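Enquirer: return a 3D structure for these sequence lines:
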Amino acid sequence: MLSRNKPLNKTALAIALAIVASPAAFAQSTTGGIFGQAPVAAGETVVITSDTGITREIAVDERGRYSAGQLPLGTYTVSLRANGQTVDTRQNVVLKVGAGTEVSFAPAEAQTTDMSGVSVSASALPKIDVSTIDSRTVVTSEQLARLPLGRNSEAIALLAPGVVQNGGSFKGPTGNSLVSFGGSAASENAYYVNGFSTTDPLRGFGGLSLPYGAIEQQEVYTGGYSAQYGRSDGGVINVVGKRGTNEWHFGTQVLWEPSFARANQRNRYYESGLPASPRAGNLYSPDSENGGDSTTVSAYAGGPLIKDKLFIFVAGEYQRQEGNTVNPVSGYTSTKPYVDYRYNSPRWYSKIDWNITDNNILELTGASDKYQTSGSIYNYDYVNRVRQDRIGQDDDIKTGGNLWTAKYTGYITDDLTVSALYGKLHTTDYDAPGGYNSSLTYVDGLVNQNPALNGGSSRGNSQTVSSLSPSGRGNRTTNTRIDITYKIGDHTITAGIDNQTAVAIDQGSVTSGPGGYSWTYGQSDPNTPISTGLGVPATAGFPNGAGGYYVIQNINSSLATVRSTQRAQYIEDKWQVNDRWLLSFGIRNDQFENFNADGDAFITQHKPQWAPRLGASWDVFGDATFKVYANAGRYYLGLPLNPALNAAGGALTTSQYFTYGGIAADGTPTGLTAISPPVAANNTFGQLPDPKTVTTQGLKSEYQDEFILGFTKTLGTDWVYGAKATQRILRNAIDDYCDIDLVLAKAQSLGYDVTDQSNPVSCWLFNPGKSNTFNLVDTSGNYVKVPLSNEEFGFDRLKRRYYSLETFLEHPFADGWYGKVSYTYSRSYGNTEGQLRSDLYRESRGTGQTAVSTTQDWDNSYIMVNTNGVQNNDHKHQLKFFGYYQFSPEWLVSGNLSMISGAPKPCLGYFGADRTDPAGYGNSYHFCNGEPSPPGSHGRLPWVRQVDLGVTYRPALADAKLAFNANVFNVLNEQRTIGIYPNGEQSPNLANPLYGTPTAVQQPRYFRLSVNYDY
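Expert: Alright, predicted model coming up:
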């Protein structure tokens, strides 16, 4: 019969809960631990047996304690033996990743046994794990199967407090929308699959996702993780895949998101007037004409190849989306008015586990996550909303990639464990232009053409390709980890190395067309200079310039292969001070090195970069019902590969301005009069700079300090609640500085003979907000040092601070239902978002600024005027709820609710009351209609409310193996604005008709229907 243990002695239980053999705060762990208390008796051992046959026998010490760490996730049977005989057993013990699971045994007189004298029930587990000090949310495969969620890692991560969608439309390598953790930029997160880093090495834009049915558990870390892991000052998404067991399991699933059940997206309109040559009045984008459906087929199988020895698990998933998109009337999609598309998303996962012996385990993992697009392009009548003739083929795009890893775990003794992991990731970024016509020039900005020269209807051509990239473009990443854990007395000491190398291959692009250039039409006030910083005058003094109409000839070329190495060493001690206090002391040392296209290092950060991690857990009452915890840590973030392509690269990016007297039938300008030479705001004239002059002297890595204080407490027998206060302070950052004239002037004041020709840098990488020393080359070829103080730069000190108060109330699954509600009050403020700029939306790209660690921030003193305020990822209020209710054996309902307050509303423009352009950055200064415009001074975007519901039916006649599911997302069909065009002026003294127009909007209501069978 089932038995429930009497409460253990409080002191003994507290000690047991805190001495997990492996540290419980592994941020990217793939294992868990089992520990507990047993009656004190001579000759006692605990035998732990997994559902794959692994057996470990652990001695019980003189105080009745035992612990076993770094166990593969799975289901375990735990037995107490005395003098070789089994006296008590706990079955169906399920581990949680990165945490300890308490399994204790009551004294003999308190046991209830079956006829054989052996207890057969699992003990009641404590609701609070007092052996952890981190901040994380773990979502299990059972919860994923029940909750209405998007089928990718980022959608799962949004369940965690403090995690929000990014506002810059940034997407990962396979099309997933990126998320922001704790106010950090969307590129500052780390992504892991089975302990291997899948983080995009080029920009840090996401990682790989597994087939949904292959996910065993997903950890979402929002802070406080171990010294074993770093390279993130945002958050961590760690996915642990499933493995085979001694029983064969098979399953398949079909999902359908029908187009007829999808609500129409609302159209977008110009918010601030009309452009010169509107195509359909004030209509900007007829989004209501978009449509499509999605079908996903998945299957899995897992079981023993050799019972108790060799196991396999394989899973595959294939998603196909088909439909049409009607693009906006202008911008980066203006030459692709109407697209019939097909998106294919194949994913697979395989894992082999070999129990060489009970003390030696080998794991092999392979996975793939890819995204492929194709389609046809048509002309479109925006006035009558009618598709017209076919123009050509859309680009054939293939992104994502494959990984494989091998991991060895050796339980050398009960106290010594060794693990080693090695793996490789290969991703592609293939973009073959469909229907590319090498004889046609790309023409953009058609709505800004002079209507007197085009008959009132904008002219263009069928060239849809603005740039070309090599077919072999992609990235390679290699990871090596070695970890050693040794338990001595009340100390658990872990040490190891964590090394990574990355290569970006053939990255960059060149302008398409016969001349290697493209055209962009624009309009300005004819009597105001277009750009004072670039020396581009007003049009009025030139032929055909009276109306302010001009055209820009753009030339872009940047192709390179670059690499980086990131190494780290760490040591950490988990110390059980007494029966209620657990302390954690750790330190990590990171080293980073980045190489340019010639293979020369331009960043070498080999000096110790110490990242201490300190934590404590206090079991207040000694019975695991009330935990108070705290931690403080420093987290370093290595520079991604992207800066090696721009700041340290030889990119050619120039613009030359003309007036024009005619427009040819293909949209190209005629009757040209140059009003400027080729100009580049950042000196990007195609020369690879000397790697010794790319960065300032002694460049320091980006790092952040974090402080957390929280508690977790049981409420009765069915509830858990808690609160946590967090503060994050960005202490140092890397960005680029581009005011070449100021640096050269300082060099000349020091008596150095230098010119920009002798220093062909576009920008220097530096540490913003503090003094820096530049390395220059004089006209004789000698290296000279030029120091500038922060006052000489004209900057305030670097500031990005985040604080939050999180609260939660959870009902663990019992009595047929589970639920968790959390509320987060937070503030992210300062003068920088971090590695990205979400608000600088570029119509030419359809995203925010993607130049990681080389944003417009800090380029010059003018761009940083009026920058202090709440930052782009600031969402003051976040309320989240998710849960499910099994109201009968056949029926289950589930829900997911979030209410997120809006981000600050931006307004950018020309500099100062006179609307000048002192740095050549156009309408990107923190002024709005001539008035100072610090972040947050124009109010907020609206709250975003999302309600998702689901229902599952498992008919009894199918023995609960067959299930039918229906989910509805965004039940209320609230299409709230997430981001807007930020630029209030199109040119000096000329309002931008796009200002305030939504750039990102909440998806409309849609349904998902599915059927699955599991055997």
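Enquirer: nearest residue to the middle of the protein?
Expert: residue 206 (4.2 Å; C-alpha atoms, centre = their mean).
Enquirer: measure the closest residue to it other than its chain neighbours to residue 207 for me?
Expert: Closest residue to residue 206 apart from its sequence neighbours, by C-beta to C-beta, 6 or more residues apart in numbering: residue 172 at 2.5 Å. Any C-beta I mention is one placed from the backbone N, CA and C, and that applies to glycine too. Using C-beta to C-beta, to the nearest Å, one gets 7 Å for the distance from residue 172 to residue 207.
Enquirer: overlap in contacts of the two?
Expert: residue 200 (C-beta atoms under 8 Å, 6 or more residues apart in numbering).
Enquirer: quick revisit: ok, the residue nearest to residue 206 - contacts?
Expert: 154, 178, 200, 205, 206, 207.
Enquirer: what is the most widely separated pair among those?
Expert: Using C-beta to C-beta, the contacts of residue 172 span at most 12.7 Å, a distance reached by 154 and 200.
Enquirer: shared neighbours of those two, which are they?
Expert: 172, 206.
Enquirer: which one's more surrounded, those two?
Expert: residue 200 (27 against 24; other C-beta atoms under 10 Å).
Enquirer: wait, isn't that one in contact with residue 427?
Expert: Yes. Counting by C-beta atoms under 8 Å, residue 200 touches residue 427, with 7.4 Å between them.
Enquirer: give the residues shared as contacts by the two.
Expert: By C-beta under 8 Å, 6+ apart, the residues touching both residue 200 and residue 427 are 173, 475.
Enquirer: low pLDDT regions in the stretch 901-1015 of the chain?
Expert: For the stretch 901-1015 of the chain, no stretch has pLDDT under 70.
Enquirer: where along the stretch 801-950 of the chain do the strands fall?
Expert: 817-830, 837-842, 847-849, 869-870, 877-885, 891-900, 927-928, 931-932, 944-953 (DSSP state E, counting those that start in this stretch).
Enquirer: will you turn the ones you listed into a markdown table that also has distance to residue 784 and mean neighbour count?
Expert: Listed next are the strands of the stretch 801-950 of the chain as a markdown table, based on distance: least, C-beta to C-beta, whole Å; neighbours: other C-beta atoms under 10 Å:
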| stretch | distance to residue 784 | mean neighbour count |
| --- | --- | --- |
| strand 817-830 | 34 | 19 |
| strand 837-842 | 33 | 24 |
| strand 847-849 | 32 | 23 |
| strand 869-870 | 38 | 18 |
| strand 877-885 | 51 | 19 |
| strand 891-900 | 51 | 18 |
| strand 927-928 | 36 | 24 |
| strand 931-932 | 38 | 13 |
| strand 944-953 | 53 | 18 |
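Enquirer: what's the closest of the ones you listed to residue 139?
Expert: Short answer: strand 877-885, nearest of the strands of the stretch 801-950 of the chain by C-beta to C-beta, at 9.2 Å.
Enquirer: following element in sequence after the biggest strand by length in the chain, please.
Expert: Determined from DSSP state E, the single longest strand within the chain is strand 549-576. The helix or strand immediately downstream of strand 549-576 is strand 581-595, counting by DSSP states H and E.
Enquirer: what strands line up against whichever helix or strand comes after that next one, and which way round?
Expert: Sequence-wise, the next helix or strand downstream of strand 581-595 (DSSP H and E) is strand 601-605. Sheet pairing for strand 601-605, assigned by DSSP bridges, gives strand 581-595 (antiparallel).
Enquirer: helices of the stretch 401-550 of the chain, start to end?
Expert: 451-454 (DSSP state H, counting those that start in this stretch).
Enquirer: let me fix that: the chain
Expert: Here the chain has its helices, by DSSP state H, at 10-18, 141-146, 153-157, 451-454, 740-749, 790-793.
Enquirer: show me the one of these that comes nearest residue 945.
Expert: helix 153-157 (16.8 Å).
Enquirer: now could you export just the CA positions of that closest one as CSV?
Expert: Extracted in CSV, the C-alpha atoms of helix 153-157 (Å, rounded to 0.1, in the frame of the first residue of the first chain):
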residue,chain,number,x,y,z
SER,A,153,12.6,28.1,-27.3
GLU,A,154,11.9,31.9,-27.2
ALA,A,155,8.1,31.4,-26.9
ILE,A,156,8.7,29.0,-23.9
ALA,A,157,11.1,31.6,-22.4
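Enquirer: in it, what's buried?
Expert: Residues 153, 154, 155, 156, 157 are the ones in helix 153-157 that count as buried (16 or more other C-beta atoms under 10 Å).
Enquirer: nearest to residue 681, of those?
Expert: Out of these, the member with the shortest distance to residue 681 (by C-beta to C-beta) is residue 154, at 33.4 Å.
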